[in-house]
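Q: coordinates only, sequence not included:
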Ligand code: ADP
Ligand code: MG
């Protein structure tokens, strides 16, 4: 992501690094591996940490707890080669006035040539032993005199990410020289982010120092004079990134609104919705009703709807989608509903056929393995809108097939939106002439992510579950407790309930450290005999998947052994027990989704998480699920623990890469960027 937005970088910053003194072809290739191609890239290469080389810990005071910075003079060195296997250890003994420190490097014999007795060395590391004080593989730098000493020592020194063959000190000197020369060319932003105060953390900053200067921020990034300055600089540059992103999002949105006039999809006298709701068998929750009002306002509005519907697992998003669809259908438009798996598409198809059965609405299915054609005998919808009554098309990615025409498309609904990319979403939308768009997700997205990823969408939230749901009790257990767990499941099955047993893998890999569904089938069959078992995983043919699911729904199969394939959407109310093996392999939101498959009827439900690793950290993480059923809190916990990529699933999340922005911590900056961009827009 370009970080100096709003202006092309002046040509001097856009120059390739090879124009810099001392950068030849070999160094340029190394820098390229760090994604440094231009002078600008180099100036924005972010240190991974800083060393305060104005203060050192005495060797005597070092501990085994935290890595610390120390220094000493080399008093001895030696390389020992072991007879067997070509292994070696190089050892350096340093001394300061307080004591001695042994530094060891295993199997790196060439380290020997970097040090001489008498050298002054800066060392960063953690003790592995106290008698003698020993560090393994610390980071080191030999202090040299000369003119560059003030770049590397006696200051807060940046430590950069490196690549093989690229010395820390060479890179630091290069950045120093480049900054000296090009600092004046760094363009200032067109927006006022004023004195440091405006971007947060300022109280401890030197009050007179304005951070509005981007050039100042870049200098602080590399060579701060106080440790806080590094963080100020990061936040200042992160703000630039967020501004650029918000500009992109808001431009997209605006371009869309000026171009597109909305199709009138607000419905007609509730002629479908009324009978639909009357036959539904339950009343909508207040939250569902509120969201529907928001949707209807959009469907009647001047611009096509672009709305994200967020609602925890089981909050009843499908019914809301059905009502939205009915509004468009009442108005005479067709609707497309896309789901990420065939299983889910089939399930929606079945529900909607049942729901819309008494209404004059054709419901079609289109997946990779099955295409119905109630209203279109040819199997594909025709191009002639008149010949085709307004219909609902349910499907998977197969809906996106080129050449597949969705005539008279008024509304696009995407279920489990986080499983799709922006491109797929837009491909479906482009099958119509600016249809309305409703995307749904159960992955509760922390606010920072929502603003970043979905900044161009309006958001509706279903924040209550239908009444009459039983409690889901979640229990974390170790593998040793499995016999008791099986006994418990047998009791539940005897009482007429059904169960899921979930595994992280289809087949065993890496020596079977993680359980696999194919491998465990026989074992579980014995444990739970005589109850009939079904098997569901991604490698089955679609027909077989459907067959086993049909049996499970019909309560012929009592226990479904599955992979996380069942994570999205599946709705079988009589299933009230879920056992998840190797739960530590899953992310928290994924476990929450999985667990959302149970507790859909009345009565209590049980989710049992088996962990193979007994580390306190793994246990602690899963505890979150024992403690809360609030998907939002779970997602935030996961974001803190694992970062945004994991939460969204790496694939196609459309998440930009930030050099400086931090989606866990920078909510205030994201809001500031968004408001600033919005104010700009309304001013022009
Ligand atoms: P999700 O939001 O996870 O997609 P679903 O739409 O699958 O949830 O709904 C879960 C279950 O709750 C379904 O069986 C659905 O019929 C039922 N349901 C939805 N809304 C209500 C309601 N207002 N009252 C009772 N049950 C409801
Ligand atoms: Mg759903």
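A: Alright, I've got the coordinates. This structure is a prediction, so every number in the text was calculated from the model and none was measured. Ligands and ions are numbered 1, 2, ... in the order given.

Q: List the buried residues for the strand or helix carrying residue 232?
A: Here residue 232 sits within helix 227-259, counting by DSSP states H and E. Neighbour-count burial for helix 227-259 flags 228-250, 253 (criterion: 16 or more other Cβ atoms under 10 Å). Backbone N, C-alpha and C define where each C-beta goes, glycine included.

Q: same deal with stretch 406-423?
A: 406-420.

Q: By pLDDT, give me the weakest of those.
A: Taking those together, the minimum pLDDT is found at residue 418 (77).

Q: who touches whatever residue of the stretch 451-600 of the chain ends up closest to ligand 1 in this structure?
A: Closest approach between the stretch 451-600 of the chain and ligand 1, counting by Cβ to the nearest ligand atom: residue 466, at 3.2 Å. By Cβ atoms under 8 Å, 6 or more residues apart in numbering, the residues touching residue 466 are 282, 285, 314-316.

Q: mind running it again at 6 Å?
A: With contacts defined as Cβ atoms under 6 Å, 6 or more residues apart in numbering, residue 466 is in contact with 285, 316.

Q: near ligand 1, from the buried residues of stretch 406-423?
A: Here nothing survives when these are matched to ligand 1 using Cβ under 6 Å from any ligand atom.

Q: burial count for whatever residue of the stretch 251-400 of the chain ends up closest to ligand 1?
A: Using Cβ to the nearest ligand atom, the closest approach of the stretch 251-400 of the chain to ligand 1 is made by residue 316 at 2.8 Å. Here the count is done by other Cβ atoms under 10 Å, and residue 316 has 19 residues near it.

Q: Need phi/psi at it.
A: Residue 316 adopts backbone torsions of phi 90, psi 50, taken as degrees, to the nearest 10.

Q: now do the one 5 residues further on
A: Torsion angles at residue 321 (phi, psi; degrees, to the nearest 10) stand at phi -60, psi -40.

Q: Next: residue 163.
A: Backbone geometry at residue 163, expressed as degrees, to the nearest 10, gives phi -140, psi 170.

Q: what do you get for residue 499?
A: phi -140, psi 150.

Q: For residue 567, see how far away it is.
A: 16 Å (Cβ to Cβ, to the nearest Å).

Q: cool, and residue 358?
A: Taking Cβ to Cβ, one finds residue 358 at 32 Å from residue 567.

Q: okay, those two: which has more neighbours?
A: Taking other Cβ under 10 Å, residue 358 and residue 567 do not tie; residue 567 has more neighbours (26 against 12).

Q: need the contact list for the more buried one.
A: So residue 567 contacts 593-594 (Cβ under 6 Å, 6+ apart).

Q: okay, it: pLDDT?
A: 74.

Q: count of neighbours near residue 536?
A: Residue 536: 23 surrounding residues under other Cβ under 10 Å.

Q: Let me fix that, I meant to ask about residue 169.
A: Applying other Cβ under 10 Å, we find 14 residues neighbouring residue 169.

Q: Helix or strand: which one has it?
A: helix 168-182.

Q: before we move on, what about residue 268?
A: Using DSSP H and E, no helix or strand contains residue 268.

Q: That one - nearest residue in space that isn't next to it in sequence?
A: Closest residue to residue 268 apart from its sequence neighbours, by Cβ to Cβ, 6 or more residues apart in numbering: residue 330 at 4.3 Å.

Q: For residue 410, see how far away the one you found is.
A: Look at residue 330 and residue 410: by Cβ to Cβ, they are 10 Å apart.

Q: same deal with residue 46?
A: Using Cβ to Cβ, one gets 47 Å for the distance from residue 46 to residue 410.

Q: so how many other residues sit close to the nearest residue to residue 369 once chain neighbours are set aside?
A: Computed as Cβ to Cβ, 6+ apart, the closest residue to residue 369 that is not its neighbour in sequence is residue 542, at 3.9 Å. Close neighbours of residue 542, defined as other Cβ under 10 Å, add up to 16.

Q: Then residue 92?
A: As a burial measure, residue 92 scores 26 neighbours (other Cβ under 10 Å).
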